[in-house]
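Chemist: curious how this folds, go ahead:
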Amino acid sequence: MSRRHLLSLGLLLAACSDRPNFDEDVVKATPLGEGLPAGFMLGTSTSSHQTEGGLENDWAVWERGRWPDGRPHIKDESVSGDATDSWNRFDEDVRLMERLGANAYRFSVEWARIQPTPDTWDEEALARYARWARTLRQQGITPLVTLYHFTLPTWVSDTGGWENPATIDAFETYAARVAQALGGEVDWWCTVNEPNVYAVLGYLDGEWPPGKQDMKATADVLSHLMEGHARAARQLRALDTVDVDGDGAATRIGLAHHVRVFQPATGTTADTLVAGLTDDFFNESVPESLRTGRIRLSVPGQVSIDRAVEDLKGSIDYLGINYYTRDYVRQYFGEPSLSRQYVPRGRDTNDLGWELYPEGLYLFLTRYAKLGLPLVVTENGMADRAGERRPYYLQSHLYAVEQAIAKGADVRGYFHWSLLDNFEWAEGYEPKFGLFTVDLESPEKTRTETAAVSTFQDIARRLGLTPRP
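Modeler: Numbering: from 1, shown residues only. The predicted model follows:
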């Protein structure tokens with residue numbers, strides 16, 4: 001780990017004297033929305049597999065499987081199935097966005113739906129996604145489209161997925177086809193969602209497909225995802241030449257980078273060192289590769305990658321930040337990650353046991369502001385089945401955004417995860433992240449607003465937006 005990265009971690013964790021006051025009374029008394037700049041994107045996020053329904057991809061296959069001891073891959077034994085049926089209820093979901101007063105929406109296109117076989121393209125599906133983007137724009141809602149959000153066509157996963165360098169070529173071809181089909185309706189693009197999370201959960205922790213625990217494979221997959229991003233960005237710039245919103249840029253390209261605060265469990269050298277290594281790999285390797293054009297991944301005794309990637313440097317116009325929580329890190333060499341991560345007892349947590357720590361979002365936004373690029377909070381939300389604590393979660397994290405902007409961070413948008421309760425990967429349908437609940441048992445998949453909807457509407461009004469009845 002470099003001295004610069006140690007310094008970054010120290011700055012992230014330091015209790016700076018000029019840090020904003022995150023006292024609950026202060027947050028609640030702040031007229032949120034007034035501190036956001038003109039043109040700020042205030043929206044929600046979803047992904048195709050979690051909401052569309054009716055998909056057959058590597059995740060659908062994984063959901064039907066079990067571990068060697070008989071446990072299901074999905075904790076609540078559900079399968080995504082029809083999900084929220086957003087493939088057929090998109091117009092209904094747009095009305096929910098209008099009710100919120102949202103002026104932006106992040107959604108993903110599904111590779112397996114668009115290219116079900118290596119030699120087959122579903123033109124009807126491409127046309128529907130283009131219609132979605134057009135519908136959003138007509139309603140004053142900016143579409144931000146994600147190309148890859150964790151799922152692969154089975155013909156890709158069957159040949160090794162992102163471990164196989166050939167997937168980079170296939171992804172570039174797919175990105176080019178999407179650019180041609182949607183470029184006339186979309187300016188804002190996200191190439192890859194959370195490459196670090198995908199690599200860690202699929203290849204280090206082994207909790208997601210393909211269920212491996214191999215540090216070298218983890219590094220190779222992360223490296224290939226970053227090269228895939230660079231190739232996709234190149235195709236988007238070449239083929240999307242229509243400036244839809246008239247701001248002088250036909251494309252605004254980024255990726256969504258998941259970040260977590262890694263707090264050393266103690267002040268010991270071992271805990272501090274392992275927390276720093278974890279921060280370096282998880283939080284720094286992706287933005288550093290985008291800054292330099294080189295992929296550098298190093299875990300002493302296990303992994304050493306250092307290679308230049310064509311078109312990686314300068315490939316993004318903004319950095320997306322997905323932020324949820326803080327973990328405490330204790331050195332433990334018996335784990336592939338060299339540590340055990342946990343939340344101390346007594347901390348305020350969501351339904352998944354993730355600590356609620358809005359200060360972390362402020363710290364990351366001010367940290368990455370040093371890259372000199374616009375930032376967009378592409379995901380932020382909490383699992384809250386009762387729906388009682390989400391209003392304050394939304395307030396406290398938008399307060400963090402406003403405070404970061406006041407410190408000079410160029411933050412262009414905030415997308416709440418999620419518009420709807422949906423299929424939350426290995427957790428299944430148990431966690432509830434939606435501003436709107438979904439009755440999965442009803443034929444209509446009935447959407448019902450939670451208490452946080454009025455909080456979102458208040459912020460939207462102060463930003464100058466107009467929620468509709």
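Chemist: contacts and neighbour counts: CA atoms only from here.
Modeler: OK.
Chemist: leaving out sequence neighbours, find the closest residue to Lys75.
Modeler: Glu427 (5.3 Å; Cα to Cα, 6 or more residues apart in numbering).
Chemist: ok, the one you found touching Asp76?
Modeler: Yes: look at Glu427 against Asp76 with Cα atoms under 8 Å: they come within range, at 6.6 Å.
Chemist: intersection of neighbour lists for the two?
Modeler: Counting by Cα atoms under 8 Å, 6 or more residues apart in numbering, no residue touches both Glu427 and Asp76.
Chemist: return the distance of the helix or strand hosting Val377 from the chain's centre.
Modeler: Assigned by DSSP states H and E, Val377 falls within strand 375-379. Distance of strand 375-379 from the chain centroid (Cα atoms, centre = their mean, to the nearest Å) equals 8 Å.
Chemist: got it, and stretch 249-265?
Modeler: Using Cα atoms, centre = their mean, the offset of stretch 249-265 from its chain centre is 8 Å.
Chemist: dump it to PDB, restricted to CA.
Modeler: Only the C-alpha atoms of stretch 249-265 are listed here, as PDB (Å, rounded to 0.1, in the frame of the first residue of the first chain):
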ATOM      1  CA  ALA A 249     -22.200  16.700 -24.700                       C
ATOM      2  CA  ALA A 250     -23.600  13.700 -26.500                       C
ATOM      3  CA  THR A 251     -22.300  11.400 -23.900                       C
ATOM      4  CA  ARG A 252     -21.600  11.700 -20.200                       C
ATOM      5  CA  ILE A 253     -19.900   8.400 -19.200                       C
ATOM      6  CA  GLY A 254     -19.100   7.000 -15.800                       C
ATOM      7  CA  LEU A 255     -19.200   3.800 -13.800                       C
ATOM      8  CA  ALA A 256     -20.800   3.200 -10.400                       C
ATOM      9  CA  HIS A 257     -18.100   2.600  -7.700                       C
ATOM     10  CA  HIS A 258     -19.200   1.000  -4.500                       C
ATOM     11  CA  VAL A 259     -17.400   2.500  -1.400                       C
ATOM     12  CA  ARG A 260     -17.400   1.500   2.200                       C
ATOM     13  CA  VAL A 261     -15.700   3.000   5.200                       C
ATOM     14  CA  PHE A 262     -13.200   0.500   6.700                       C
ATOM     15  CA  GLN A 263     -12.600   1.500  10.300                       C
ATOM     16  CA  PRO A 264      -9.700  -0.300  12.100                       C
ATOM     17  CA  ALA A 265     -11.200  -2.200  15.000                       C
END
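Chemist: buried residues in the host helix or strand of Ala275?
Modeler: Per DSSP H and E: Ala275 is located in helix 269-279. Judged by neighbour count (16 or more other Cα atoms under 10 Å), helix 269-279 contains these buried residues: 270-279.
Chemist: dump the residues you listed to a markdown table, plus distance to Ala369.
Modeler: Putting those into a markdown table (distance: Cα to Cα, whole Å) gives the following:
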| residue | distance to Ala369 |
| --- | --- |
| Ala270 | 29 |
| Asp271 | 27 |
| Thr272 | 24 |
| Leu273 | 25 |
| Val274 | 25 |
| Ala275 | 22 |
| Gly276 | 20 |
| Leu277 | 22 |
| Thr278 | 21 |
| Asp279 | 17 |
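Chemist: beta-bridge partners for the residue nearest to Leu356 when sequence neighbours are not counted, please?
Modeler: Closest residue to Leu356 apart from its sequence neighbours, by Cα to Cα, 6+ apart: Thr349 at 5.3 Å. Taking DSSP bridges as the rule, Thr349 bridges to Glu355.
Chemist: quick one: pLDDT of Thr349?
Modeler: Thr349 carries a pLDDT score of 98 in this model.
Chemist: so who does Val299 touch?
Modeler: Val299 neighbours (Cα under 8 Å, 6+ apart): Leu277.
Chemist: ok, 10 Å please
Modeler: 1, 215-216, 219, 277-278, 280-281, 305, 337-338 (Cα atoms under 10 Å, 6 or more residues apart in numbering).
Chemist: isn't Tyr148 right up against Trp162?
Modeler: No: using Cα atoms under 10 Å, Tyr148 is not in contact with Trp162; the gap is 11.7 Å.
Chemist: intersection of neighbour lists for the two?
Modeler: With Cα under 10 Å, 6+ apart, Tyr148 and Trp162 have common neighbours 171, 225, 228.
Chemist: I'd like the residues you listed as CSV, with secondary structure, distance to Phe433 and pLDDT appended.
Modeler: What follows is those, written out as CSV (DSSP: H, G, I helix; E, B strand; the rest coil; distance: Cα to Cα, whole Å; pLDDT from 0 to 100):
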residue, secondary structure, distance to Phe433, pLDDT
Phe171, helix, 29, 99
Leu225, helix, 27, 98
Gly228, helix, 29, 98
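Chemist: for the residues you listed, which one is nearest Val261?
Modeler: Using Cα to Cα, Leu225 comes nearest to Val261 of these, at 22.7 Å.
Chemist: neighbours of that closest one, how many?
Modeler: 27 (other Cα atoms under 10 Å).
Chemist: next up, the contacts around the closest residue to it other than its chain neighbours.
Modeler: Closest residue in space to Leu225, ignoring its immediate chain neighbours: Pro195 at 6.3 Å, by Cα to Cα, 6+ apart. Pro195 is in contact with 148-150, 221-226, 229, 255-258, 282, 286, counting by Cα under 10 Å, 6+ apart.
Chemist: repeat the analysis, applying 8 Å as the threshold.
Modeler: Contacts of Pro195 by Cα under 8 Å, 6+ apart are 222, 225-226, 257.
Chemist: quick one, phi/psi of it?
Modeler: phi -60, psi -30 (degrees, to the nearest 10).
Chemist: distance of Thr448 from Glu52?
Modeler: Taking Cα to Cα, to the nearest Å as the measure, Thr448 falls 18 Å from Glu52.
Chemist: that'll do, ta.
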